[in-house]
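K.L.:
Structure for the following, please:
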Amino acid sequence: MGLACSNIRLLTLTARKADCEYGISVASMRKMAITREQSALAQEYNSKLQTKSIAYYDNGQYNKINYNYLMGYGSNYTAITSGTKALKDENSMILTDYKGQVVLSSDYANAITSVLGSSAMNSQGRGGTFSTDKIPAMLAELIPGYTEEQFQTVIDGENVSSSYEAEGVVTVTGESSGNTTTVDNSEAATELIQELVDFYYPIFSAAAANGWTTEYNSDMSHNEDYVSDALVSGTFQLATVDDEGNYEPDTSLTYYVTAGMVESRTDSDVREEITAWYEKEKATTSEKEDWLDMEIDNLSTELEAINTEIQSVKSLVDDAISSVFDWGT
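P.N.:
Numbers count the residues shown, from 1 in each chain. Here you go, the predicted structure:
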């Protein structure tokens with residue numbers, strides 16, 4: 001009976017030994033996987049720290065580049081003439097996509113299709129080239145209160161003819177006629193339209209020469225970082241437009257950063273946020289690793305005890321077998 005019980009005990013211990021060894025093996029493989037996770041996490045952290053944002057400086061701080069800064073506020077031309085909103089210093093610098101097509105807001109696209117017809121834009125929101133002769137009409141569609149003829153006159157380098165009747169001759173300068181004064185406003189009107197032409201014409205002339213797209217408008221409206229991220233990734237590009245609407249060569253993002261037109265920065269606030277994220281993720285993986293270490297230690301301790309008991313049971317079995325043969329002899 002003692003021999004049978006010892007053999008049963010030996011089989012049970014052997015099975016449990018196999019379970020412990022298997023558990024240690026699985027835990028070790030899981031620990032190796034966590035080590036790979038930690039390595040990938042460190043690489044992602046370093047990659048995030050190197051991520052740049054494209055910014056401009058205004059009102060005492062750096063701000064991420066956005067569409068309005070580069071391309072204006074559509075039909076809200078007072079943002080250009082009043083100087084109340086941040087705008088680029090160089091009018092000839094515009095935003096294009098990786099295909100070289102000008103990125104246009106819906107306001108700009110509507111001005112083009114109003115003149116050329118809805119067929120000028122395809123189902124993907126892209127449009128082809130067109131004649132620059134159409135630009136004055138497009139500007140008149142875009143900007144209320146000014147005519148195609150006025151824009152054409154200023155584009156041709158001439159002054160527009162503008163005057164108005166004003167009450168209160170004491171407060172205005174002009175030729176008085178009774179209680180009203182006829183004010184020649186040609187110079188002021190020409191200067192204002194010239195400001196508009198200086199800003200908008202490079203955008204439309206580049207679209208005329210290279211095509212245009214509204215494909216990204218939804219993404220830009222839902223993600224305030226989209227333009228900056230797209231410039232870093234290469235989805236968007238900056239281009240300098242010449243008098244013919246063509247792009248100047250050799251003007252990479254580095255060119256504009258070096259020229260001081262835009263800033264390439266790693267924001268300290270973002271660095272702190274990324275570091276906090278990394279520390280949290282690292283703590284989570286470390287906790288998993290600590291739990292696996294404890295599991296391996298427990299299984300190893302149990303395995304050592306099982307091996308000791310197996311040796312003891314084997315000794316009992318050997319003694320029982322020996323005693324049987326001794327009795328028989």
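
K.L.:
can you tell me the helix or strand for Ala283?
P.N.:
When secondary structure is defined by DSSP states H and E, Ala283 falls within helix 268-328.

K.L.:
now Pro136
P.N.:
Taking DSSP H and E as the criterion, the element that holds Pro136 is helix 135-142.

K.L.:
For that helix, what is the distance to the chain centroid?
P.N.:
Distance of helix 135-142 from its chain centroid, counting by Cα atoms, centre = their mean, to the nearest Å, is 32 Å.

K.L.:
hang on, the earlier thing: distance between the helix holding Ala283 and the chain's centre?
P.N.:
46 Å.

K.L.:
same check, this time on stretch 259-266
P.N.:
With Cα atoms, centre = their mean as the basis, stretch 259-266 stands 16 Å off its chain's centre.

K.L.:
what do you get for stretch 16-31?
P.N.:
Offset of stretch 16-31 from its chain centre (Cα atoms, centre = their mean): 45 Å.

K.L.:
quick check: mean pLDDT across it?
P.N.:
Confidence over stretch 16-31, taken as the mean pLDDT, stands at 87.

K.L.:
elements contacting the helix holding Pro136?
P.N.:
Contacting helix 135-142 under the criterion 3 or more Cβ pairs under 8 Å, 6 or more residues apart in numbering; DSSP states H and E are the following elements: helix 106-116, helix 148-155, helix 186-210. For the C-beta atoms, the positions are set from N, CA and C on the backbone; glycine is no exception.

K.L.:
neighbours of Glu279, just the number please.
P.N.:
11 (other Cβ atoms under 10 Å).

K.L.:
Tell me if I'm right that Val313 and Ile8 touch.
P.N.:
No: here Val313 does not reach Ile8: they are 9.7 Å apart, not a contact under Cβ atoms under 8 Å.

K.L.:
Look at these two and report which has more neighbours.
P.N.:
Val313 (20 against 11).

K.L.:
distance of the closest residue to the more buried one other than its chain neighbours from Leu316?
P.N.:
On the basis of Cβ to Cβ, 6 or more residues apart in numbering, the spatially nearest residue to Val313 that is not a chain neighbour turns out to be Leu10, at 4.8 Å. Counting by Cβ to Cβ, to the nearest Å, the gap from Leu10 to Leu316 is 9 Å.
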